[in-house]
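J.: Need a 3D model of the sequence below.
(6 chains)
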4 protein chains.
Amino acid sequence: MGNGKGQEILETAVRLFRKQGYHATSVQDIADAVGLQKGSLYHYITGKEELLARIIAEGMQGYAQVLEEIVAQPLPARERLARAVRHHVAMIAENLGIYTVFLRERHALTPEQQKLVAESMRRYQALFERTVEEGIEQGEFRAVSPRLAAMLMLGAGNWLYQWFSPEGRLSATEIAEAFLDLFLRGLERGGGGGDAASERERSG
Amino acid sequence: MGNGKGQEILETAVRLFRKQGYHATSVQDIADAVGLQKGSLYHYITGKEELLARIIAEGMQGYAQVLEEIVAQPLPARERLARAVRHHVAMIAENLGIYTVFLRERHALTPEQQKLVAESMRRYQALFERTVEEGIEQGEFRAVSPRLAAMLMLGAGNWLYQWFSPEGRLSATEIAEAFLDLFLRGLERGGGGGDAASERERSG
Amino acid sequence: MGNGKGQEILETAVRLFRKQGYHATSVQDIADAVGLQKGSLYHYITGKEELLARIIAEGMQGYAQVLEEIVAQPLPARERLARAVRHHVAMIAENLGIYTVFLRERHALTPEQQKLVAESMRRYQALFERTVEEGIEQGEFRAVSPRLAAMLMLGAGNWLYQWFSPEGRLSATEIAEAFLDLFLRGLERGGGGGDAASERERSG
Amino acid sequence: MGNGKGQEILETAVRLFRKQGYHATSVQDIADAVGLQKGSLYHYITGKEELLARIIAEGMQGYAQVLEEIVAQPLPARERLARAVRHHVAMIAENLGIYTVFLRERHALTPEQQKLVAESMRRYQALFERTVEEGIEQGEFRAVSPRLAAMLMLGAGNWLYQWFSPEGRLSATEIAEAFLDLFLRGLERGGGGGDAASERERSG
DNA sequence: TATGAATGAGAGTTCATTCAT
DNA sequence: AATGAATGAACTCTCATTCAT
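T.: Numbering: from 1, shown residues only, chains lettered A, B, ... in the order given. Purely as a prediction, here's the structure:
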């Protein structure tokens, strides 16, 4: 990390993989973009796939550790969930390249590597689920499906890689707060008591 | 289209593109799976990319028309939005193959085709946004960002292609209702008055 | 075998591998020699190494079976040994290309394949050894080391690949008979009684 | 030559060329084995091929001079031949690496170098032939083909590189004596007078 | 003396596509 | 409609060698 050419190659690969996709990006493309001969790249990389693996590993490191710390803090579930969502959105927004590659190209890895990635994602998701669960247990949240609540949040967050642009009108923070505004309202025990579905019955 | 072999080839391509990705699936793979020689495939298809284009076109047809009808109905915004989400979730859950390919492989199309697809998605998203907007205008919903509300819903729904399984414990309907339960609560003007953000202030 | 282009490619490979060696012969060389594009070769071969493996397998088939039949015949050991040597010499002389590749390039095979080849050669050698042994047991031969007698015969025979030429003055038959004339004399119980070593003592 | 590192590189190359073959051994392999960077090797060698040439030249020196002295001595042909064979066997057994490379990899040299090597081998072989011839002229040996007698001896001896092991049960001396025991018996004028072929007639 | 970055040619292989049969 | 031989371009990767430091 930070070792000049090696890092430049990695970043270039992220950029090209994001723009063209992993398969559609040739080693030649990377070499051209970085100003080296094709063969020279191999002083820095073991192979094209290892490059992808490194990018994806970087993506995995980025989220796992921080999230574990967040959800372990002695705070109300709602606050922990809020922080988790902010972290999630920020992480993707600030590393769009890496997460685009991560989310879209991980299937190009070897089956073993894919298993590691899948396991990592499962753990990440489980942290969200668990936090929702705790919120329910402690009476902060309504009795929703923790699984689906987590999937909704993660899905909405991950989808950012498809549309977020740092140059866009919306900042990552604004997005996170807007999402939370909707999420948490939906989760929290409302004053009226009934769930949205039953409210729909009444009003629909 | 619809003629025996031709349809079989298309479906086989969907299955293989979904499993292995577009680039990682060779014409030979498709020929093998369909029981033809590679050369014989070309009596039915123009090329590999055209096959992808047809799959993606099928995906686009699937959602556009129906959604326009839904949001045009003379119903409360909340109800229209609910139906739209149900449609969205059902469509993806019932055509996982097509939508996986659609969402993941559309970057392999020619730039012109990609533009068409992007435009189609933009229109689709606009229908959601507009409906949220109308809900706000008519006092059904809180004053949230229609753009972000739409993105949240679409993101959560699209993400299904990554985790939904027809054999799983959760049916598409259950998922759609659970999502709506959370979405709509978040959108609706709550009894308590304060927004989630300000509540967070108090409790955080 | 005999299937037109496939066989032609194999024979061309034998010729080129013999002339230039396996590593120094490129797939391009073979394609050029056979009048195809490099890529077209791959309709007939799985890879360059498989080509080598096939050549070597052909070499192994050539000797193993026939020799087993020869040494199993109800004949004096001397006669069986004579026939074995004639077979060995003829086989190499008539398939110089194959045996040159076999003897010189087998190290380019995978370790597993090399093991198979080594085992095949060991069996072949064992047949020679056993025949010498039987000749000794039955009083036809002197009490020499069967191992070394076999190695001498096989070595001299194998070496043919280095110098024999079908256009040369000496025919394979002449060579075989001359070798036998020397071999068998050395093996047989001579009239004079003493072995060469002790004679050397006397005269040296 | 003889200067520490240079000699170490040469010996390492011999070892690796023998184990893996010349083409399959990369300059990197040699550098690794000798504990230098690839680029540093070029302070000691001109190139990979020159390394091979030096090894082969060393092989040629090893046999040529000594053999000339042996066959020039005023001794019976049989004794000179015996000494020549002992020398040949010892030389190969004691320099297995060099002679394996010599015999197996000389085709990787330039055509000019190959010519020199071929000429050297021809001279070597001629010394054996001439000695056999002289033995025949002087009545020590039977009237065999000197060429084939030489080929038999050289072939059996050279073949050692394929099977001899310093750790094996048989010492180089034992092998040489056993070979001689068989060779010379075959060559010498036997008491019985008839040649092996005619004996075969009688007994076969 | 030693490094290691860089080269550039060439290797084996894959693959979408064409076309005569 | 179906074949399968053939193409030719592109691909990833290797490697002997050079050279500024």
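J.: what residue ranges in chain A are flagged as low confidence?
T.: Residues of chain A that meet the criterion pLDDT under 70 lie in A:1-2, A:190-204.
J.: residues in it within reach of chain C, list them.
T.: Counting by Cβ under 8 Å from any Cβ of the partner chain, chain A comes close to chain C at no residue. In this view, the C-beta of every residue, glycine as well, is placed from N, C-alpha and C.
J.: from memory A:Glu133 sits against A:Ser145, does it?
T.: No - the pair A:Glu133 and A:Ser145 does not pass the contact test of Cβ atoms under 8 Å, sitting 9.9 Å apart.
J.: and chain A, which of its residues are near DNA strand E?
T.: For chain A, the residues found near DNA strand E under the criterion Cβ under 7 Å from any atom of the strand are A:5, A:36-40, A:43.
J.: Return the closest of those with respect to C:Glu174.
T.: Comparing the residues of chain A next to DNA strand E against C:Glu174 with Cβ to Cβ picks out A:Gly39 as the nearest, at 54.1 Å.
J.: Can you say which helix or strand has that closest one in it?
T.: Counting by DSSP states H and E, the element that carries A:Gly39 is helix A:38-41.
J.: is that helix anywhere near chain D?
T.: No - taking Cβ under 8 Å from any Cβ as the criterion, helix A:38-41 and chain D are apart, separated by no less than 13.6 Å.
J.: elements contacting that helix?
T.: The contact analysis (3 or more Cβ pairs under 8 Å, 6 or more residues apart in numbering or on different chains; DSSP states H and E) places helix A:38-41 against helix A:27-34.
J.: Contacts for the helix it packs on next, please.
T.: For helix A:27-34, the surrounding residues in contact (Cβ atoms under 8 Å, 6 or more residues apart in numbering or on different chains) are A:5, A:8-9, A:12-13, A:15-16, A:20, A:37-38, A:40-41, A:48, A:51.
J.: Convert the C-alpha atoms of that helix to CSV, please.
T.: Coordinates of the C-alpha atoms in helix A:27-34 are reproduced here as CSV (Å, rounded to 0.1, in the frame of the first residue of the first chain):
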residue,chain,number,x,y,z
VAL,A,27,-3.9,-6.5,-19.0
GLN,A,28,-2.9,-4.4,-22.0
ASP,A,29,-5.4,-1.8,-21.0
ILE,A,30,-4.0,-1.5,-17.6
ALA,A,31,-0.5,-1.4,-18.8
ASP,A,32,-1.4,1.4,-21.3
ALA,A,33,-3.2,3.4,-18.6
VAL,A,34,-0.2,3.1,-16.3
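J.: hmm, back to that, show me which of the contacts of helix A:27-34 is closest to D:Asn95.
T.: Nearest to D:Asn95, judged by Cβ to Cβ, of the contacts of helix A:27-34 is A:Ser40 at 40.3 Å.
J.: Tell me how far the closest one lies from B:Tyr124.
T.: From A:Ser40 over to B:Tyr124 the distance is 45 Å, taken as Cβ to Cβ, to the nearest Å.
J.: So which of those two has more stuff around it?
T.: A count of neighbours by other Cβ atoms under 10 Å in any protein chain shown puts B:Tyr124 above the other of A:Ser40 and B:Tyr124, at 19 against 13.
J.: what helix or strand is that one on?
T.: Using DSSP H and E, the element containing B:Tyr124 is helix B:111-137.
J.: ok, A:Glu133 - contacts?
T.: A:Pro146.
J.: Report the buried residues of the helix holding B:Tyr124.
T.: Applying a neighbour-count criterion of 16 or more other Cβ atoms under 10 Å in any protein chain shown, one finds B:113, B:116-117, B:120-121, B:124-125, B:127-129, B:131-136 buried in helix B:111-137.
J.: C-terminal to that helix, what's the next element?
T.: Tracing the chain C-terminally past helix B:111-137 and defining elements by DSSP H and E, one meets helix B:146-158 next.
J.: just the angle between that following helix and helix B:111-137, please?
T.: Relative orientation of helix B:146-158 versus helix B:111-137 (axes from the mean of the first three to the mean of the last three Cα atoms, to 10 degrees): 120 degrees.
J.: Give me the residues contacting helix B:146-158.
T.: Contacts for helix B:146-158 (Cβ under 8 Å, 6+ apart): A:151-153, A:155-160, A:162-163, A:170, A:175, A:178-179, A:182, B:81, B:85, B:88-89, B:92, B:99, B:103, B:124-125, B:128-130, B:132-133, B:136, B:179, B:183, B:187.
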